[in-house]
Structures are given as structure tokens and as C-alpha cells.
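Peer 1: attaching a predicted model along with its sequence, questions to come.
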Amino acid sequence: MVVRVFDDAGAEYLGYFATQLSKEEKTVVLLVSKDDGQMVFAQHPSIGKDMNTLLKQVLEKTGGKGGGTRDFARGRLSDAAQAEKALSTARDILQSQGLEV
């Protein structure tokens, strides 16, 4: 699992980085930018979770909007200061679903 908060990274960079990393089997990628609150959640299809649902669950707790597919979702926090909380929440949800973090 790759979990990272970037100080200054745009949506395009996060999307590209997450796409490349999630090509590896058994990989989940959770990225967010503190600068503007952009978030990207991605997974290799072998993981079998739902990144869109995960994103929506995180945004319910931190505020923001976004969407995507089962394997790739992107969104934006209403308050970029919630970046650490967003990733912590995502990690907790995945752990509760039995994914080793």
C-alpha cells in the first residue's frame, strides 16, 4: 500500500503517479495534496476493493466531492487541511475490510 500526502502536487501528477503504481499486483495507492486537497485512490484489480466507494466514505467524513470507478477514483477536499485525516480515514476503512496496511 502506498499512502502519501504531498505538499504541492497537482491533480494531473497525482493521477499519473497513482496509475503507474497501481499497475503492480496487490497494490493500493492513496494520494492527497495538502496544497489544494486533490485526492486519488487507485488499486490493482486483484485487490477487489471499490475505490469509488472508499472515496465517498472518506469525503462523507472530511467534506468534498469526487467519484470514479472501482479501480480508480479522484476527488477534492473542501478543506485541504483535512489531507492527513482523509488518508488516515481511508487507511482505517481498508483495515476494517481486512486489507493489510
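Peer 2: Received, thanks. Numbering: from 1, shown residues only.

Peer 1: give me every residue that touches the most centrally placed residue in the chain.
Peer 2: Against the mean C-alpha coordinate of the chain, by C-alpha atoms, centre = their mean, the closest residue is F41 at 2.8 Å. F41 makes contact with 18, 28-31, 51, 54-55, 68, 72-74, 90 under the criterion C-beta atoms under 8 Å, 6 or more residues apart in numbering. All C-beta atoms are positioned from the backbone trio N, CA, C, and that covers glycine.

Peer 1: please name the nearest non-neighbouring residue to it.
Peer 2: Leaving aside its sequence neighbours, F41 sits nearest to M51 (C-beta to C-beta, 6 or more residues apart in numbering; 4.3 Å).

Peer 1: ok, that neighbour to D8 distance?
Peer 2: 24 Å (C-beta to C-beta, to the nearest Å).

Peer 1: got it, and R74?
Peer 2: Look at R74 and D8: by C-beta to C-beta, they are 17 Å apart.

Peer 1: and the two? which has more neighbours close in?
Peer 2: Remark: of R74 and D8, R74 carries more neighbours, 20 against 9, as counted by other C-beta atoms under 10 Å.

Peer 1: where does the more buried one fall, helix, sheet strand or coil?
Peer 2: Secondary structure assignment for R74 (DSSP: H, G, I helix; E, B strand; the rest coil): strand.

Peer 1: measure it to Q97 for me?
Peer 2: 20 Å.

Peer 1: can you pull the contacts of K61?
Peer 2: Contact partners of K61, counting by C-beta under 8 Å, 6+ apart, are 85, 89.

Peer 1: and it, that one's in a helix?
Peer 2: Yes. Assessed by three-state DSSP, K61 belongs to a helix.

Peer 1: what sits up against the helix or strand hosting L87?
Peer 2: Counting by DSSP states H and E, the element that carries L87 is helix 83-96. By C-beta under 8 Å, 6+ apart, the residues outside helix 83-96 that reach it are 1, 3-5, 28, 30, 32-34, 37, 39, 41, 49, 54, 57-59, 61-62, 77, 101.
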